[in-house]
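# Make a model of this:
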Amino acid sequence: MISTFTAFIDANMFYGARLRSRVLFITQTKLFRARWSGKIHDEWMGYLLLNRPDLKMEDLTKTRAAMNAAVPDCLVEG
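Here you go, the predicted model:
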C-alpha cells in the first residue's frame, strides 16, 4: 500500500551519508512520499563542499542524480 502522507525533506536530512541513506531506504518502503527541491540539493551539497575538502563536486553530483532516480516524482519547484 502506498501512503498518502508526503514529507518535504530538508537539506539537514541529506547532509550526513547515514541519515541520507536511511531516509532513502524508508522512502523505498512507501511509508511516505518524499519530496525535495533542487535548492535543497544545492544547500546540502554546498555545505558538504565547504566542510569536507576530501569530497568532490562530481561525486556529489552523482549522488544527487542517484537520489533523484531512486525516488520517482521527488523533485518539486516553488
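
# Mind jotting down where the strands sit in this protein?
With strands called from DSSP state E, the chain shows them at 6-8, 33-35.

# so who does the spatially most central residue of the chain touch?
Centroid-nearest residue in the chain: residue 14, 5.2 Å away (criterion: Cα atoms, centre = their mean). Contacts for residue 14 were tallied using Cβ atoms under 8 Å, 6 or more residues apart in numbering; they are 20, 23, 36, 40-41, 44, 67. Using the backbone N, CA and C atoms, a C-beta is placed for each residue, glycine as well.

# Spatially, which two of the residues you listed are the most separated?
Based on Cβ to Cβ, the longest span within those runs between 23 and 41 and measures 13.4 Å.

# I'd like the strands of the chain written out as JSON lines, with mean pLDDT, mean neighbour count and distance to residue 54 added.
As requested, the strands of the chain are arranged in JSON lines below (pLDDT from 0 to 100; neighbours: other Cβ atoms under 10 Å; distance: least, Cβ to Cβ, whole Å):
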{"stretch": "strand 6-8", "mean pLDDT": "94", "mean neighbour count": "12", "distance to residue 54": "30"}
{"stretch": "strand 33-35", "mean pLDDT": "94", "mean neighbour count": "18", "distance to residue 54": "28"}
